[in-house]
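Colleague: using only what follows, build the 3D model:
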Amino acid sequence: MPVTALRARELGADVGTAALVVAMLGLGMLVASLPAGAVVARIGERTALLLAGLLDAAAMTAAALTDSVVGLAVAVAVSGSAYTMFLISRQGFMIEAVPPDFRARALSTLGGSFRVGVFVGPLLGALLIRTSGLPGVFWMAAGLSVVAASMARLMPDLGAESRAQEQAAGHASVRSVLVAHRRTYLTLGVAVIVLGASRSVRNGLLPLWAEYVGLSAATTSLIFALAAAVDMVLFYPGGWIMDRYGRAVVAVPVVLSVAIACLLLPLTSGVVGVAAVMMLIAAGNGIGSGIVMTIGADTAPVRGRSQYLGGWRLCGDIGVSGGPLLVGAVAAVAPLATASVVVGVLALGGTAWVGYWTARLDRSRAVNRS
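Modeller: This next block holds a predicted model:
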């Protein structure tokens, strides 16, 4: 992500245009969420993982070769679309592969593996930039996507039987699945939007506040790296807690930690305070690794599952995209400290919503088990 913005600048984009190029990843994800669910339903998770990896490799190759900002923006959007298909496919595969009693641990570990990649990727990219410039990072991304696609090819096609049954009965349309499960989307789906927005707030708010109080870019980067380490340490305990005590006990801290952190942030004025706030958010985010996928797996129907997960992915993408937009909108009309407090108050309201509906889900799961 940082390299995308830098590459856009290198190709002649101004700061605003470079930010727009980066935003094309989220736009590609948003646009592709529902169509990707329909595609996965027809071709299966294993084939979709393979195609998504190859499509992303092609997009990253184009990003490495292009000499235009528009070309880079298109490549990034295609990469986002491929990424959405990859996310839906891997979630569907895990639903088939893992018994329900171990579901949260499996999906939190899956989320943890993503966190490891996010931590290691920029380190490898930094090494490549020294030897081959910014395009080298996109070549690396293309190569790793081919590796991911190749690994997916080795996986068993666990959903073949259920897919054949659905095909015989007639594939459910995306619209019919969304309508049939509209109450879930309007309750737990909104909770997922709140979770996504809470997680993405730190990417917009924390760097701005760090700059406001005079921290250097290197110091801010180090704080984010430490936060990423906290994320990685907590993902498995979070999954164990979810399997043992339910989803609410993990979902609530994700949003509540952001609410408290945003309310405390205006009180900080140095590296220790900012780092403490960041660690609080990282702890909540880390323990909630895999929570969105787990709730989606809990509520996904047997028939029309991939279409349903496409809608679920859309909810998550709306939240991830909406968090930074919320920070930017409030900060545009009020001081940054006020924006932080406003976001904190809204997050408290979101905590109540998430807690209520995930607790209802836990009670429903308990009744079904008994």
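Colleague: any low-confidence regions in this protein?
Modeller: Along the chain, the model assigns pLDDT under 70 to residues 1-2, 15, 162-170, 370.
Colleague: what about Val342, distance to Leu205?
Modeller: Using CB to CB, to the nearest Å, Val342 is found at 11 Å from Leu205. (Each C-beta comes from the backbone N, C-alpha and C, glycine too.)
Colleague: my bad, should have said Ala38
Modeller: 35 Å.
Colleague: of those two, who's got more company?
Modeller: Applying other CB atoms under 10 Å to Ala38 and Leu205 shows that Leu205 carries more neighbours, namely 28 against 17.
Colleague: so that one, which of the three states?
Modeller: helix (DSSP: H, G, I helix; E, B strand; the rest coil).
Colleague: that one against Val343, yeah?
Modeller: Yes. Assessed by CB atoms under 8 Å, Leu205 is found in contact with Val343 at 6.8 Å.
Colleague: shared neighbours, those two?
Modeller: Contact criterion CB atoms under 8 Å, 6 or more residues apart in numbering; residues shared by Leu205 and Val343: Cys262, Val327.
Colleague: immediately after the one helix or strand Ala77 maps to, which helix or strand?
Modeller: Using DSSP states H and E, Ala77 falls within helix 69-97. Counting by DSSP H and E, the next helix or strand C-terminal to helix 69-97 is helix 103-132.
Colleague: following element in sequence after that following helix, please.
Modeller: helix 135-153.
Colleague: pull the residues that contact that next one.
Modeller: Counting by CB under 8 Å, 6+ apart, 3, 7, 46, 49-54, 56-58, 60-61, 63-65, 82, 86, 124-125, 128-129, 132 sit against helix 135-153.
Colleague: next: stretch 286-295.
Modeller: Everything outside stretch 286-295 that qualifies as a contact, by CB under 8 Å, 6+ apart, is 91, 94, 103-104, 107-112, 115, 188, 191-192, 195-196, 230-235, 237-239, 241-242, 247, 250-251, 253-254, 312, 316, 358, 361.
Colleague: go again using 7 Å as the cut-off
Modeller: 91, 103-104, 107-108, 110-112, 115, 188, 192, 195, 230-231, 233-235, 237-239, 242, 247, 250-251, 253-254, 316, 358, 361 (CB atoms under 7 Å, 6 or more residues apart in numbering).
Colleague: quick one: terminal-to-terminal distance for that stretch?
Modeller: Stretch 286-295 has an end-to-end distance of 16 Å (CA to CA, to the nearest Å).
Colleague: just how off-centre is it within its chain?
Modeller: Remark: stretch 286-295 is offset 10 Å from the chain centroid, using CA atoms, centre = their mean, to the nearest Å.
Colleague: got it, and stretch 331-342?
Modeller: Distance of stretch 331-342 from its chain centroid, counting by CA atoms, centre = their mean, is 25 Å.
Colleague: ok, stretch 296-314 next?
Modeller: With CA atoms, centre = their mean, you get 16 Å for stretch 296-314.
Colleague: in that stretch, what counts as buried?
Modeller: By 16 or more other CB atoms under 10 Å, the buried positions in stretch 296-314 come out as 296-300, 303-314.
Colleague: mind saving the C-alpha coords of it as CSV?
Modeller: Provided in CSV are the C-alpha atoms of stretch 296-314 (Å, rounded to 0.1, in the frame of the first residue of the first chain):
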residue,chain,number,x,y,z
GLY,A,296,-20.2,-14.9,8.6
ALA,A,297,-19.5,-18.6,8.8
ASP,A,298,-21.9,-18.9,11.7
THR,A,299,-24.8,-17.3,9.8
ALA,A,300,-24.1,-18.5,6.2
PRO,A,301,-26.7,-20.8,4.7
VAL,A,302,-25.9,-24.1,3.0
ARG,A,303,-27.6,-23.1,-0.2
GLY,A,304,-26.4,-19.8,-1.7
ARG,A,305,-23.4,-19.7,0.7
SER,A,306,-21.0,-18.1,-1.6
GLN,A,307,-23.6,-15.5,-2.7
TYR,A,308,-24.3,-14.8,1.0
LEU,A,309,-20.5,-14.4,1.8
GLY,A,310,-20.3,-11.9,-1.1
GLY,A,311,-22.9,-9.8,0.6
TRP,A,312,-21.1,-10.3,3.9
ARG,A,313,-17.8,-9.2,2.3
LEU,A,314,-19.6,-6.1,1.0
